[in-house]
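Student: this one's structure only:
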């Protein structure tokens, strides 16, 4: 017996998109991106193993079993989180996003900085991480933290709202990096900033697995095709780059 599988609407759209890639004279990069986007629509659980622009191996996502590592006492000494947030310029009244927030290591710090007139949208894929984050927020009596469960293609942040979206040691784990960055870009205000903290791949002495490090060159090559421009690189932290991106059409400062 032959079994006929009925396609969903998104799968039919994806099939047409793949067909159009084959029929038109697109650049190699555009063709690769279009096909991967189509596959993401048709098969949401299908993760990319490498980035199509740089060939970088995408690292696995840390599960809730690693929550203790996120809150390890030595992390403050290793990463200087308060110094990082000062360098980025998080201040009272801001609306900020923390994508891949985990248990709230950075979200709660930002909540204290933005104060009662600001908001922190703390995003994660994993419901248990968000439960831990909410418990930590309630324990510290922080009422300006909004938890958001996203997907592997969309962090579910409100559009045109964010002054800053922060990704701390998480971008390299995105299984659909281009789709995620496109949604994050759309969440930014016209003058908003996307900020990545990533362990320096350029420094072999930093004791982190290679797939959990990124170079400035890699990040720039992957994000600038997504409608962003690298505005600033800050190298004041012991182990991590601070990479600040703005929308390509963002207004000039001053």
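Tutor: Happy to help now that I have it. These figures come from a predicted structure and were not determined experimentally.

Student: now the strands: where do they sit in the stretch 51-200 of the chain?
Tutor: Assigned by DSSP state E, counting those that start in this stretch, the stretch 51-200 of the chain shows strands spanning 95-99, 119-124, 145-149, 162-168, 188-200.

Student: export those strands to TSV and tack on distance to residue 179?
Tutor: Where C-beta positions appear, they are placed from N, C-alpha and C, glycine not excepted. As requested, the strands of the stretch 51-200 of the chain are exported to TSV (distance: least, C-beta to C-beta, whole Å):
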stretch	distance to residue 179
strand 95-99	13
strand 119-124	14
strand 145-149	16
strand 162-168	14
strand 188-200	15
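
Student: Out of those, flag the one nearest residue 85.
Tutor: Ranking the strands of the stretch 51-200 of the chain by proximity to residue 85 (C-beta to C-beta) places strand 162-168 first, at 8.4 Å.

Student: So what touches that closest one?
Tutor: Contact with strand 162-168 is made by 88, 90, 94-100, 105-106, 110, 121, 157, 184, 187-189, 192-197, as judged by C-beta atoms under 8 Å, 6 or more residues apart in numbering.

Student: and if you look at stretch 234-249?
Tutor: Under the criterion C-beta under 8 Å, 6+ apart, residues 78-80, 83-84, 87-88, 169, 185, 188, 190-200, 203, 206, 208, 214, 216, 219-220, 223-224, 227-233 lie in contact with stretch 234-249.

Student: So for that stretch, what gets flagged as buried?
Tutor: For stretch 234-249, burial by neighbour count (16 or more other C-beta atoms under 10 Å) applies to 234, 237, 239, 240, 241, 242, 243, 244, 245, 246, 247.

Student: got the residues you listed as JSON lines, with secondary structure and distance to residue 149 columns?
Tutor: Output for these, formatted as JSON lines (DSSP: H, G, I helix; E, B strand; the rest coil; distance: C-beta to C-beta, whole Å):
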{"residue": "234", "secondary structure": "strand", "distance to residue 149": "30"}
{"residue": "237", "secondary structure": "coil", "distance to residue 149": "29"}
{"residue": "239", "secondary structure": "coil", "distance to residue 149": "29"}
{"residue": "240", "secondary structure": "strand", "distance to residue 149": "26"}
{"residue": "241", "secondary structure": "strand", "distance to residue 149": "28"}
{"residue": "242", "secondary structure": "strand", "distance to residue 149": "27"}
{"residue": "243", "secondary structure": "strand", "distance to residue 149": "26"}
{"residue": "244", "secondary structure": "strand", "distance to residue 149": "27"}
{"residue": "245", "secondary structure": "strand", "distance to residue 149": "24"}
{"residue": "246", "secondary structure": "strand", "distance to residue 149": "27"}
{"residue": "247", "secondary structure": "strand", "distance to residue 149": "26"}
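
Student: returning to that earlier point: and the contacts of strand 162-168, which of them are buried?
Tutor: Among those, those buried by neighbour count (16+ other C-beta under 10 Å) are 88, 90, 94-100, 105-106, 110, 121, 157, 184, 187-188, 192-197.

Student: Now do the helices in this structure.
Tutor: For the chain, applying DSSP state H gives helices covering 9-23, 28-42, 67-70, 75-79, 81-88, 107-114, 127-139, 177-187, 216-223.
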